[in-house]
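1. predicted model, plus sequence, below.
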Amino acid sequence: MTQTALPLIREWQKITGIVRKHTSIWAFVDCAWGVFTAIILNKEVKDLQKNGVELLPGSEIEAELISTDIKHSQGYFIISVTKLLQVDIWNWLIAKAESEELMTVIPTEANLGWLMVDMHGIKWFIPLSQLAPIHYPRVEDGDQEMIFQKLLDLLGKEFKVKIVSIDEDERRVILSEREALRPETEKIMQTIAVDNVYDGIISGISSYWFFVTIGGCVEWLVHISELTYGHVNNIDELGKIGDPMRVKVIGLEGGKISLSAKKLKEDPWVVIAKTFKMGDIIEWEIVRYVPYWVFMRIFDDINGLIHLGEISDKGIDNPSQAVKIWQIVKAKIILLDIKNRRIGLSMRALYETPEESEARKQKKTARKPFIPKQTSDQQETHVIPEVANE
């Protein structure tokens, strides 16, 4: 077919065409009722496919002629579908913004400031501040590489969002996942009351806190002291991001919400009070030690403490000289203070005669041995040596 001048068709005028052939390089389209054949360039074909537009042979499309003066190297006019699609998409976005209707998007790109959706050249942005708690890339030390990796992990996932800003001049759209979840957020906040129980998901972990997201939209904090009754050596051992967690509201004061996970469990000290008594011999594992104390598992995550002087009569300087972590040992209960949550143990008392035990007691001061209270914070390791057993 001979290419001729097109007096009735101007640059960027809308034309109708039929896809004649689609190759791996470009698409051929018969335009203006067969008056001429044009091509859609490779980059645009790929972009259209990425956004779900298939140029199937025989299908009718609307396009624009880029120029009546510019032709491809093979003599074909060049047309574009994207420009017309952008107009349709932009009109659709404006209608969505005016109606405040929610929509679902799938981010395709990310940087340290936002996730991005590219729809036929129109950029839609989800700033990090507008992500729901469950998706926020929380990194305790602010490591940018880790933040970026967390954002990359979100690409390809569906996000329900709401348009919060639209700039027609810049062709920029700002989306918010938080705003899309606002009705659910307000509904949950209206139900808050002491003793209420909520099922959530761990959405973040720091040195002393779990971040727990309820209903995918409300994020609350649970302090390490409310995660478990026993000592916590490493908070990461109690859960990981994405794990389910049930929490209970234990306090409301001045807008501050206090939560607890351990209050939903039976207090192990109640069981200990019913199970053990002074003089009982316990056989269990050593879980850790510090310069003057050995921590031995008693029940659940509660530890009893063995002072250095109660390990051996051989005058050792460090617990590691006598016991190893996870070693199973026997010890005798020499202090059982349920009220103050303290359990004192002795390995030495297992093999002493009554006379030897009595003689050793006589050498001690009138002060009682200092047994640290069982807590779940890091203060448990700060023992005062001068008030400990000899």
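-> Cool, the structure landed. Predicted model only: the values in this text are computed from it and were never measured.
2. can I see the domain layout of this structure?
-> Taking automatic domain parsing as the domain assignment, the record places the domains of the chain at 14-80, 100-180, 186-264, 272-387.
3. same list, those, but as a markdown table with mean pLDDT please.
-> As requested, those are arranged in a markdown table below (pLDDT from 0 to 100):
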| stretch | mean pLDDT |
| --- | --- |
| domain 14-80 | 81 |
| domain 100-180 | 89 |
| domain 186-264 | 91 |
| domain 272-387 | 78 |
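4. is it possible to get CSV of those that adds distance to N91 and mean neighbour count?
-> Every residue, glycine included, has its C-beta placed from N, CA and C. Conversion of those to CSV gives the following (distance: least, C-beta to C-beta, whole Å; neighbours: other C-beta atoms under 10 Å):
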stretch, distance to N91, mean neighbour count
domain 14-80, 14, 16
domain 100-180, 11, 16
domain 186-264, 30, 16
domain 272-387, 57, 15
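5. to W90, which of these lies closest?
-> Counting by C-beta to C-beta, W90 lies closest to domain 100-180 out of these; the figure is 6.5 Å.
6. how about I25: what's its closest non-neighbour residue?
-> Using C-beta to C-beta, 6 or more residues apart in numbering and skipping the chain neighbours, the partner closest in space to I25 is N42 (5.2 Å).
7. ditto for G156
-> Beyond its immediate neighbours in the sequence, the residue positioned closest to G156 (C-beta to C-beta, 6+ apart) is I106, lying 6.2 Å away.
8. so I188: helix, strand or coil?
-> Reduced to three states with DSSP: H, G, I helix; E, B strand; the rest coil, the structure at I188 is helix.
9. any idea how far Q327 lies from Y351?
-> Counting by C-beta to C-beta, to the nearest Å, the gap from Q327 to Y351 is 17 Å.
10. contacts for stretch 106-125, please.
-> Identification of contacts with stretch 106-125 by C-beta atoms under 8 Å, 6 or more residues apart in numbering yields 47-48, 50-51, 82, 85-86, 89-90, 93, 105, 126-128, 131, 144, 147-148, 151-152, 154-159, 171-175.
11. out of these, which sit inside helices?
-> Taking DSSP state H as the definition of helices, these contribute 47-48, 50, 82, 85-86, 89-90, 93, 144, 147-148, 151-152.
12. what two of those residues are the furthest from one another?
-> Of all pairs drawn from the ones in helices among the contacts of stretch 106-125, the one with the longest distance (C-beta to C-beta) is L85 and Q144, at 35.2 Å.
13. so V271 sits against I302, correct?
-> No: with contact defined as C-beta atoms under 8 Å, V271 and I302 do not form a contacting pair (9.0 Å).
14. other SSEs contacting the helix or strand where V294 lies?
-> Using DSSP states H and E, V294 falls within strand 293-299. Strand 293-299 is packed against helix 268-275, strand 281-290, strand 302-307, with contacts defined by 3 or more C-beta pairs under 8 Å, 6 or more residues apart in numbering; DSSP states H and E.
15. ok, 10 Å please
-> Contacting strand 293-299 under the criterion 3 or more C-beta pairs under 10 Å, 6 or more residues apart in numbering; DSSP states H and E are the following elements: helix 268-275, strand 281-290, strand 302-307, strand 328-337, strand 342-346.
16. dump those into TSV; add distance to V197 as well.
-> What follows is the helices and strands packed on strand 293-299, written out as TSV (distance: least, C-beta to C-beta, whole Å):
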stretch	distance to V197
helix 268-275	20
strand 281-290	30
strand 302-307	24
strand 328-337	31
strand 342-346	30
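17. to A38, which of these lies closest?
-> Taking C-beta to C-beta as the criterion, A38 comes closest to strand 281-290 out of these, the separation being 75.4 Å.
18. do you know the pLDDT at R10?
-> Looking at R10, its pLDDT stands at 66.
19. quick one, what contacts the spatially most central residue of the chain?
-> Within the chain, one residue has its C-alpha closest to the average C-alpha position: by C-alpha atoms, centre = their mean, that is S203, at 3.4 Å. Contacts here follow C-beta atoms under 10 Å, 6 or more residues apart in numbering; on that basis S203 touches 132-136, 138, 210-214, 216, 219-220, 241-243, 245.
20. from memory T37 sits against G75, does it?
-> Yes: taking contacts as C-beta atoms under 10 Å, T37 lies within contact range of G75: 9.5 Å.
21. who does I306 bridge with?
-> Taking DSSP bridges, one finds V294, L345 as the beta-bridge partners of I306.
22. wait, what's in contact with it?
-> Remark: with contacts taken as C-beta under 10 Å, 6+ apart, I306 is in contact with 286, 289, 293-296, 319, 322-323, 329, 331-332, 334, 343-348, 371, 389.
23. try K256
-> For K256, the contacting residues are L221, by C-beta under 10 Å, 6+ apart.
24. the one 10 residues further on now?
-> Taking C-beta under 10 Å, 6+ apart as the criterion, E266 is in contact with 229, 300.
25. surely it forms part of a helix?
-> No: remark: E266 does not belong to a helix; assigned using three-state DSSP, it is coil.
26. got phi/psi on it?
-> Note on E266: backbone dihedrals following degrees, to the nearest 10 are phi -70, psi 140.
27. what residues does the host helix or strand of I250 touch?
-> Per DSSP H and E: I250 is located in strand 244-253. Defining contact as C-beta under 10 Å, 6+ apart, one finds that strand 244-253 is touched by 191-203, 210, 212-214, 220-222, 226-227, 238-239, 257-265.
28. go again with 6 Å.
-> The list of residues contacting strand 244-253 from outside it, by C-beta atoms under 6 Å, 6 or more residues apart in numbering, reads 194, 196-202, 212, 222, 258-261, 263-264.
29. restricted to strands, list those.
-> Assignment to strands by DSSP state E places the following of the contacts of strand 244-253 there: 197-202, 212, 222, 258-260.
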